[in-house]
Each structure stands twice: as structure tokens, then as C-alpha cells.
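Enquirer: Dropping the sequence and predicted coords here.
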Amino acid sequence: MITVTIKTSQALESPMYFFLFYLSLSDTCFSTSIAPKMTVDAFLKNNNISFSECMIQVFSFHFFGCLAILILILMSVDLYVTICKPLHYMSIMNERVCSVSVAIAWVEACVHSSVQIFLTLSLPFCGPNVTDHYFCDLQPLLKLACTDTYMTNLLLVSNSGAICIVSFVMLMFSYVIILYSLRNHSAEGRKKALSTCISHIIVVILFFVPCIFIYTRPATTFPMDKMITVFYTFGTPLLNPLIYTLRNAEVKNAMRKL
């Protein structure tokens with residue numbers, strides 16, 4: 001609904017909505033890489049998945065997850081320019097810059113997910129084939145490998161874990177700068193900008209804190225892992241439309257017209 005509204009509405013042509021379109025798209029595909037298979041399995045009482053389907057799920061999950069992270073970073077940059085450089089906004093965040101930024105995000109997401117697939121395919125699987133998880137991910141697959149996975153887990157942490165931590169620090173630092181710059185704005189401007197920043201920060205915390213917990217530790221599993229994973233695989237994509245769209249009068253008006 002959000003993607004169709006943004007694409008068909010002439011009132012939603014600013015860079016903010018350009019990025020929101022790709023965030024909605026990546027969130028949709030991110031959850032779709034897991035939910036349909038899980039739902040069908042629940043109804044059919046069938047918890048089997050082929051190796052090729054598992055690899056597709058690993059690739060798509062990490063591809064769209066990484067893409068969502070990079071789009072969130074681009075949205076924080078857009079918000080920074082909006083609040084801190086308002087007179088230069090259109091020259092800085094022009095159409096070419098936005099398009100190139102999103103294209104780079106797609107390439108980086110592809111590189112990240114390709115690394116995940118390479119790490120998975122490098123593992124020998126010759127014994128157990130049952131994972132204690134509701135989708136295919138590298139952490140539960142490491143437990144099935146017939147070899148020492150210390151180095152693989154180290155590479156996993158340096159890949160997925162580093163992306164989560166660095167992105168989280170960058171985003172929180174950008175919001176600190178934005179909030180600090182609000183001291184020079186009027187009371188009404190501060191209130192509006194503060195409301196937007198807080199909603200963005202809530203999304204960032206709900207998405208990144210569980211990711212950091214899962215992807216930045218040694219190859220050990222806890223009973224709470226699956227429940228924590230639910231937050232960033234289903235919870236955050238569900239909350240993003242509520243936080244970024246339903247609080248926005250322009251988007252709501254465009255949806256009503258559509």
C-alpha cells in the first residue's frame with residue numbers, strides 16, 4: 001500500500017518519500033523471505049526445507065535486511081540535511097544523489113548476502129540436518145557443520161556483526177547531532193523535529209539491538225534467540241509503516257485519495 005501510494009502520488013516526490021518507498025519495499029521482501037514458508041509449514045505440519053531453498057532464504061533474508069539498514073542510514077542523512085541544512089536541501093539531496101545512493105545500497109547488500117552464502121557453502125554438512133529455528137540462518141546452520149566453525153563464526157561476526165554495530169553507532173551519532181542542532185530552532189520547529197527524530201530512534205533501537213545480540217557473539221545459542229529474532233524479522237517491519245506513515249499527514253491524505 002505504501003509503495004503504490006508513493007509511486008502514484010505526485011504530492012509525495014521528495015527524497016524522504018523516495019527513501020520510504022525503498023524501506024517499505026525492503027521490509028516487505030525481508031519478511032516475505034521467511035513468513036510464507038513458515039505459514040505454509042504451520043498449516044501442513046511440514047517443517048522440511050531443501051538445501052537450495054535454505055540457501056535462497058539465507059541470501060534473501062540478509063540481502064533485504066542489509067538493504068533496510070542502509071536505507072535507514074540514508075533516511076537519517078536526509079533528516080539531518082532537512083533540519084541542519086534547510087536552505088541547501090534541494091541542491092544536496094537532488095534526484096541524482098538519491099538514485100546513486102540507493103543503487104550503492106543495493107550493491108552493498110548484494111555483496112553482504114553473497115559473503116553469507118559463501119560462508120555457508122564452504123561448510124561441510126554430513127550429519128545432523130535439523131535446526132532449532134524457524135528459518136535458515138547462518139548461526140543455526142553452523143551447529144550442523146561437520147567441522148570446527150570457529151573461523152567461520154569469526155567471519156560471520158566481522159561481517160553481519162560489524163554491519164549492525166557500525167550502522168547503529170552511525171545512526172545514533174547522526175541523531176545526537178540532529179537533536180543538538182535543534183537548540184537554534186523555534187519551539188514549534190523543535191517539537192516537530194523532535195517528534196520525527198524520536199520515532200526514527202525507536203525504529204533503530206527495535207531493529208538493531210536484537211541484531212547486535214544475535215550476530216556479535218560466539219557460536220552459542222540461547223533459548224531466547226528465536227523470540228529475540230522475531231523482533232527484527234517481523235516486529236520492526238510491522239512497526240515501520242505505523243511509525244513512518246500513519247504519523248504523516250501527507251501520506252495519509254495520499255492514501256485516502258488512492
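Expert: That came through fine. From a predicted model like this one, the values you see are computed outputs, not experimental measurements.
Enquirer: mind listing what residue 141 touches?
Expert: By CB atoms under 8 Å, 6 or more residues apart in numbering, the residues touching residue 141 are 54, 58, 120, 123, 131. For every residue, glycine as well, the C-beta is placed using N, CA and C.
Enquirer: Please give the element, helix or strand, for it.
Expert: helix 138-142 (DSSP states H and E).
Enquirer: What mean pLDDT does that helix get?
Expert: Helix 138-142 comes out with an average pLDDT of 82.
Enquirer: chain center to that helix: distance?
Expert: Counting by CA atoms, centre = their mean, to the nearest Å, helix 138-142 is centred 20 Å from the centre of its parent chain.
Enquirer: before we move on, the earlier item: quick one: which of the contacts of residue 141 is nearest residue 169?
Expert: Using CB to CB, residue 58 is the member of the contacts of residue 141 that sits closest to residue 169, with 25.8 Å.
Enquirer: Specify the next element, helix or strand, located C-terminal of the helix holding residue 141.
Expert: helix 150-156.
Enquirer: residues of that following helix that come out buried?
Expert: Within helix 150-156, the residues that count as buried by 16 or more other CB atoms under 10 Å are 152-153, 155-156.
Enquirer: Buried residues, the helix or strand that contains residue 68. List them.
Expert: Using DSSP H and E, residue 68 falls within helix 51-84. Using 16+ other CB under 10 Å as the test for burial, helix 51-84 gives 54-84.
Enquirer: Tell me which two in the buried residues of helix 150-156 are the farthest apart.
Expert: By the measure CB to CB, 153 and 155 form the most distant pair in the buried residues of helix 150-156, at 7.3 Å.
Enquirer: so who does the residue positioned nearest the centre of the chain touch?
Expert: Closest residue to the average C-alpha location of the chain: residue 68 at 3.2 Å, with CA atoms, centre = their mean. Contact analysis of residue 68 by CB under 8 Å, 6+ apart lists 23, 26-27, 30, 207, 237.
Enquirer: for residue 49, same thing?
Expert: Per CB under 8 Å, 6+ apart, neighbours of residue 49: 37, 57, 136.
Enquirer: Let me see the backbone angles for it.
Expert: The phi/psi pair for residue 49 (degrees, to the nearest 10) reads phi -150, psi 140.
Enquirer: just residue 47 next, same as before
Expert: Backbone torsions for residue 47, taken as degrees, to the nearest 10, come to phi -110, psi 30.
Enquirer: That one: how many residues sit nearby?
Expert: Other residues lying near residue 47 total 11 when counted by other CB atoms under 10 Å.
Enquirer: I'd like to know how many residues surround the closest residue in space to it that isn't next to it in sequence.
Expert: For residue 47, ignoring the flanking residues on the chain, the nearest one in space by CB to CB, 6 or more residues apart in numbering is residue 41 at 5.4 Å. By the criterion of other CB under 10 Å, residue 41 has 14 neighbours.
Enquirer: same thing with residue 12?
Expert: By other CB under 10 Å, the residues close to residue 12 number 21.
Enquirer: sec struct for it, please.
Expert: coil (DSSP: H, G, I helix; E, B strand; the rest coil).
Enquirer: looking at it, it is touching residue 253, isn't it?
Expert: No: with contacts counted by CB atoms under 8 Å, residue 12 stays clear of residue 253, the gap being 9.6 Å.
Enquirer: What residues of the helix holding residue 141 count as buried?
Expert: 138-142.
Enquirer: Output the residues you listed in a markdown table, with distance to residue 200 appended to each entry.
Expert: Shown next, in a markdown table, are the buried residues of helix 138-142 (distance: CB to CB, whole Å):
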| residue | distance to residue 200 |
| --- | --- |
| 138 | 29 |
| 139 | 28 |
| 140 | 31 |
| 141 | 33 |
| 142 | 33 |
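Enquirer: Out of these, flag the one nearest to residue 92.
Expert: Nearest member of these to residue 92, counting by CB to CB, is residue 138, at 37.7 Å.
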